[in-house]
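S.K.: Here is my input; please provide its structure:
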Amino acid sequence: MQRVILVGVNLNNGTDFEHSMEELESLAEACEMEVTATAVQNLPAVNAATYIGSGKVEEVRRLAEMTGAECAVFDNALSPVQQRNLQEAMDVAVLDRTGLILEIFGRRARTREARLQVESAGLQYMLPRLVGMRKALSRQGGGAGAGGGWGAGGGLANRGAGETRLELDRRKIEKRLAELRRDLAAVEQDRATQRKRRRESDLPAAALVGYTNAGKSTLLDAMLDVYGGREEKKVLEQDMLFATLDTTVRRIFPGDGRDFLLSDTVGFIDKLPHTLVKAFRSTLSEAVEADLLIYVVDFSDPHYREQLKVSQDTLRELKAGHLPCLFVMNKADKVMEEEALPKISGDRIYLSAKKQLGLDALLTMIREKLFAGMVECRMKIPYADGAVVSWLKEHAAVSAMEYEEDGVFLLAECRRSDAARLQRYLCG
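M.R.: Have a look, this model is predicted:
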């Protein structure tokens with residue numbers, strides 16, 4: 001386990017600084033790092049050359065010697081010049097918040113698409129930092145762990161991070177980025193084809209979005225538990241930042257014909273690197289293309305309002321801010337009496353996904369949004385058109401069905417577009 005020092009700059013006694021440092025520690029733990037010490041500098045503005053100032057640099061250097069730390073992790077993004085100067089002055093590896101998040105993403109990426117996206121973001125981050133990186137990266141060596149760092153398909157995978165990155169120069173990186181753009185374009189085409197097939201099934205889609213570790217995967221698994229999911233279709237649940245990176249789409253079967261698709265997307269975090277937002281645009285397109293956004297919020301976190309704002313701002317950047325939405329205030333059992341759950345206030349519902357408190361109420365809210373355009377229809381369908389009956393049983397909410405002499409009588413709720421298409425079967 002790599003030993004690290006956390007370093008932060010508190011600008012003008014900022015109120016969110018302490019939370020930012022706590023989050024940085026959680027990120028370090030998610031990257032399997034051991035935090036040996038924390039150094040804080042109070043400044044009116046960051047130092048252009050070393051971020052924390054020369055005096056504090058020397059203090060951190062001595063602290064690293066005392067604690068045996070191999071790396072200093074900074075709470076914000078460093079410029080290439082700052083990173084180079086810090087590495088030379090402190091004689092330990094230097095990692096900023098962006099690099100740390102990239103390292104986590106590199107370890108957690110499982111699908112080919114996620115690995116390509118992470119490698120692309122990592123190379124874009126590395127490109128302006130080539131000068132002066134050799135010495136620091138050689139120290140990190142195997143620090144990327146068994147996951148292979150940011151690599152995917154031969155770029156940085158399967159070899160020590162230091163050894164591999166030493167071989168990279170600007171020309172090689174730019175060539176690899178061009179290859180990644182082509183590969184990602186092909187993957188995006190496949191994803192678009194999959195979305196088209198799902199759209200042809202005429203099922204509405206809802207997307208779980210929100211801050212990392214808010215409980216999106218737990219909520220999806222709970223919905224699958226209650227509404228027809230199978231064990232092999234569940235997703236990874238883990239109490240850590242960025243436990244899952246890959247978008248998962250599952251079909252929810254409420255049992256009344258109003259089936260819908262529910263997707264679990266990658267979580268957001270404050271100061272999420274722009275290169276990662278850009279790289280994961282195709283993955284997050286499941287949210288952009290959804291009919292409904294379900295913001296999952298960790299209501300037990302004192303900073304849940306700020307976390308919700310980060311999620312909303314990120315989705316606005318992705319051009320998804322206009323979509324209808326619900327707000328699931330998850331983990332409410334930690335701050336409210338369980339007997340009071342679920343609690344509904346407008347488009348907000350307070351519940352516990354882990355304890356499956358409030359799922360029925362949430363399902364009702366989701367269906368009210370997704371099926372707002374449903375109309376009740378009375379139909380008489382001749383026996384010769386039995387395929388229409390089968391289709392309605394699968395795609396509409398059939399509440400009554402009787403077999404009569406000249407055909408099947410149905411009372412069902414269906415979309416206006418379907419009612420218009422099946423108009424010849426409508427009866428009074």
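S.K.: tell me which residues in stretch 256-272 are buried?
M.R.: Neighbour counts over stretch 256-272 (16 or more other C-beta atoms under 10 Å) mark 257-272 as buried. In short, each C-beta sits where N, CA and C put it, glycine included.
S.K.: which of these lies closest to Leu315?
M.R.: The nearest member of these to Leu315, counting by C-beta to C-beta, is Phe268 at 8.3 Å.
S.K.: Report the beta-bridge partner residues of that closest one.
M.R.: On the basis of DSSP bridges, Phe268 is bridged to Tyr211.
S.K.: Need the contact partners of stretch 299-312.
M.R.: Residues outside stretch 299-312 that contact it (C-beta atoms under 8 Å, 6 or more residues apart in numbering): 16, 19, 209-211, 214, 268-270, 272, 295, 297-298, 321, 327, 329-332, 334-335, 350.
S.K.: and stretch 254-271, average pLDDT?
M.R.: Averaged across stretch 254-271, pLDDT comes to 82.
S.K.: what packs against the biggest helix by length in the chain?
M.R.: Ranked by residue count under DSSP state H, the longest helix found in the chain is helix 170-200. Contact partners of helix 170-200 among helices and strands, from 3 or more C-beta pairs under 8 Å, 6 or more residues apart in numbering; DSSP states H and E: helix 112-126, helix 285-288.
S.K.: What lies in contact with the last one?
M.R.: The list of residues contacting helix 285-288 from outside it, by C-beta under 8 Å, 6+ apart, reads 188, 191, 195, 205, 207, 209, 247, 249, 263, 265, 293, 315, 318-320.
S.K.: What is the lowest-pLDDT residue among those residues?
M.R.: Lowest pLDDT among these: Arg195, with 66.
S.K.: Tell me the secondary structure at the residue lying closest to Ala290 once chain neighbours are set aside.
M.R.: Once flanking residues are discounted, Ala290 sits nearest to Ala207: 3.9 Å by C-beta to C-beta, 6 or more residues apart in numbering. Three-state assignment for Ala207 (DSSP: H, G, I helix; E, B strand; the rest coil): strand.
S.K.: Val35 and Leu27 touch, don't they?
M.R.: No. The pair Val35 / Leu27 is not scored as a contact, 10.4 Å apart, by C-beta atoms under 8 Å.
S.K.: who has more neighbours, these two?
M.R.: More crowded of Val35 and Leu27, by other C-beta atoms under 10 Å: Leu27, with 23 against 16.
S.K.: and the most centrally placed residue in the chain, how far is that from Thr248?
M.R.: Nearest to the mean C-alpha position of the chain, by C-alpha atoms, centre = their mean, lies Val266 at 1.4 Å. Using C-beta to C-beta, to the nearest Å, Val266 is found at 10 Å from Thr248.
S.K.: Also Ser26?
M.R.: From Ser26 to Thr248 the distance is 23 Å (C-beta to C-beta).
S.K.: So between these two, which is more surrounded?
M.R.: Thr248 (19 against 15).
S.K.: How many neighbouring residues does Arg171 have?
M.R.: 8.
S.K.: What distance do you get for it to Leu130?
M.R.: Distance from Arg171 to Leu130, by C-beta to C-beta: 11 Å.
S.K.: What of Glu22?
M.R.: Distance from Glu22 to Leu130, by C-beta to C-beta: 33 Å.
S.K.: do the same with Thr50
M.R.: 20 Å.
S.K.: Which residue of the two possesses the greater neighbour count?
M.R.: Legend: neighbour count by other C-beta under 10 Å for Thr50 and Leu130, higher for Thr50 (21 against 14).
S.K.: and the residue nearest to the centre of the chain, that's in a helix?
M.R.: No. Counting by three-state DSSP, one finds Val266 to be coil, located in no helix.
S.K.: where are the low-confidence patches of this protein?
M.R.: The chain contains residues with pLDDT under 70 at 14-15, 131-168, 195, 198-202, 229-246, 257, 278-283, 428.
S.K.: Residue ranges of each domain in it, please.
M.R.: 2-95, 108-182, 203-370, 374-425 (automatic domain parsing).
S.K.: Mind putting those domains into TSV with distance to Leu102?
M.R.: Below are those laid out as TSV (distance: least, C-beta to C-beta, whole Å):
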stretch	distance to Leu102
domain 2-95	9
domain 108-182	5
domain 203-370	7
domain 374-425	43
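S.K.: Report the secondary structure state of the residue nearest to Glu25 when sequence neighbours are not counted.
M.R.: Take Glu25 and drop its neighbours on the chain: the residue closest to it by C-beta to C-beta, 6+ apart is Val35, 5.7 Å away. What three-state DSSP gives for Val35 is strand.
S.K.: Asp301 too?
M.R.: coil.
S.K.: Look up phi and psi at it.
M.R.: phi -80, psi 130 (degrees, to the nearest 10).
S.K.: Give me the distance between it and Tyr211.
M.R.: 8 Å.
S.K.: which of those two has more neighbours?
M.R.: Counted by other C-beta under 10 Å, Asp301 and Tyr211 do not tie: Tyr211 has more neighbours, with 26 against 18.
S.K.: didn't that one look like it was pressed against Leu272?
M.R.: No. Using C-beta under 8 Å as the test, Tyr211 is too far from Leu272 to be in contact (10.1 Å).
S.K.: distance of Ala64 from Gly53?
M.R.: Ala64 is 17 Å from Gly53, by C-beta to C-beta.
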